[in-house]
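In: What follows is a predicted protein model with its sequence.
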Amino acid sequence: MTDLTSDRLFFPLFAPATRPERIDKARLSGASCVIADLEDAVAPEDKATARQALASFRCDADGAPVCVRINSAGTPWFEEDLAMVRAGGFAGVVLPKAEDCAGAEALRQALPSGTASFALIETALGLARARDLAPLFDRLFFGSLDYAADLGCAHTAAALAHARSELVLAARIAGKPGPVDGVTADTRDFDLIRSEAAYGAELGFKGKLLIHPAQLSPAKAGYRPDEDEISWASKVVAAIAGAGVAKVDGKMIDAPVVARARLVLARAAETAGE
C-alpha cells in the first residue's frame with residue numbers, strides 16, 4: 001500500500017462519494033490514493049445520502065488506499081463527515097479551504113492514529129497562513145481553481161506563480177513532502193496535463209491532483225526528467241563515487257550538484273515507463 005506520508009511523487013485521484021463503483025475502479029488506476037469526494041462533487045441535498053453510502057464502503061486487499069475529502073469546517077456537514085471518517089477506517093482525510101490552525105490541530109487530534117491528513121489551500125487566507133498550517137498536516141494540496149476565484153485572478157501559470165512558490169516554501173520550512181499541485185480541468189488534453197505537471201515539477205511540487213484516470217499517465221510523464229537530464233545525472237553520480245570532487249563534461253561537481261543529480265535519478269525511477 002502507498003505510504004501517504006512519504007516524500008515520493010503523489011498523484012491522488014478524485015472520485016465522487018455518490019458513486020462507489022467509480023471509487024472501486026479508481027483504486028485500480030495506479031493513482032497514489034483515491035479521494036472520495038463529499039464536498040464539490042456532491043450537491044447539498046445529497047450530502048447525507050453520499051455520506052451513508054461511503055460509510056458502508058469497504059476496500060478489498062487490492063488497489064490504492066481511500067481518503068475522504070470532507071466538507072469544510074463551519075459547514076452543516078463537517079461534524080458528521082468527520083465522525084464518518086473516524087468510524088470508517090479510511091486512510092486519510094482532505095480538509096478543503098484550510099485556514100484555521102486551531103481547527104487543524106483539533107482535526108489532527110480527532111483522527112485515529114495513522115490516518116493521514118491533507119490541507120487544501122484554496123483561499124487567500126489559507127495561503128497567508130500556509131507556513132503555520134504546513135506543520136499540522138502531512139501534505140499541502142493546492143486548490144488552484146478555488147484560489148483563483150477567491151482572488152479574482154486568472155487561472156494561469158503567471159497569475160498563480162506566487163501562490164505555488166509560497167506553498168513549496170511552506171512545505172519545505174515545515175520539513176514536509178513537497179506540495180501537490182491543483183487539477184487540470186480539461187481531461188482530454190493530455191499535452192496540457194503533461195505541461196502543467198512539468199511546470200509544477202520545475203517549481204518544486206511533488207505531484208498533481210487528478211480528476212480522471214486518463215490524466216495519470218501524462219501527469220507522471222510531466223514529472224519525468226528528459227533523457228538528457230537522466231544521462232547527466234547518471235554521469236555525475238558515477239563520477240563522484242568514492243571521490244570528494246570530480247569533473248563531468250569539463251565542469252566541477254560538488255555536493256549541491258550531486259544532490260540534484262540524485263533527485264533526478266529518483267524521479268526517473270518513480271516515473272519509469274511514462
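Out: Arrived safely. Numbers count the residues shown, from 1 in each chain.
In: Look at the closest residue in space to Gly89 that isn't next to it in sequence and say how many residues are nearby.
Out: Nearest residue to Gly89, sequence neighbours excluded (C-beta to C-beta, 6 or more residues apart in numbering): Pro112, at 7.7 Å. C-betas here are computed from N, CA, C, even on glycine. Residues lying near Pro112 (other C-beta atoms under 10 Å) number 11.
In: cool, the one 3 residues further on as well?
Out: Residues near Thr115, counting by other C-beta under 10 Å, number 19.
In: can you pull the contacts of it?
Out: Val85, Phe90, Ala91, Gly92, Val93 (C-beta atoms under 8 Å, 6 or more residues apart in numbering).
In: Cross the residues you listed against strands and list the overlap.
Out: Gly92, Val93 (DSSP state E).
In: which pair in the contacts of Thr115 spans the largest distance?
Out: Among the contacts of Thr115, the pair separated by the greatest distance (C-beta to C-beta) is Val85 and Ala91, at 10.0 Å.
In: Going by neighbour count, which of the contacts of Thr115 comes out on top?
Out: That'd be Val85 among the contacts of Thr115, by other C-beta under 10 Å, with 26 neighbours.
In: how much space between that residue and Val94?
Out: Look at Val85 and Val94: by C-beta to C-beta, to the nearest Å, they are 10 Å apart.
In: so what's the spatially most central residue of the chain up against?
Out: Centroid check for the chain by C-alpha atoms, centre = their mean gives Val180 as the closest residue, at 3.2 Å. Neighbour list for Val180: Phe10, Pro12, Phe118, Arg139, Leu140, Phe141, Phe142, Phe205, Lys206, Gly207, Lys208, Leu209 [criterion: C-beta under 8 Å, 6+ apart].
In: any idea how far the residue nearest to it when sequence neighbours are not counted is from Phe57?
Out: Leaving aside its sequence neighbours, Val180 sits nearest to Gly207 (C-beta to C-beta, 6+ apart; 4.3 Å). Using C-beta to C-beta, Gly207 is found at 24 Å from Phe57.
In: of those two, who's got more company?
Out: Gly207 (24 against 15).
In: In contact with the more buried one, which residues?
Out: Gly207 neighbours (C-beta under 8 Å, 6+ apart): Leu9, Phe10, Phe11, Pro12, Ser32, Gly178, Val180, Asp181, Ala219, Tyr223.
In: which residues pair with it across the strands?
Out: Phe10 (DSSP bridges).
In: any idea how far it is from Ala214?
Out: Taking C-beta to C-beta, one finds Gly207 at 17 Å from Ala214.
In: how about the strands in the stretch 151-274 of the chain?
Out: Assigned by DSSP state E, counting those that start in this stretch, the strands in the stretch 151-274 of the chain fall at 246-248, 251-253.
In: Tell me the helices and strands packed up against the last one.
Out: In other words, strand 251-253. helix 227-240, strand 246-248 (3 or more C-beta pairs under 8 Å, 6 or more residues apart in numbering; DSSP states H and E).
In: Quick one: mean pLDDT over the last one.
Out: Confidence over strand 246-248, taken as the mean pLDDT, stands at 82.
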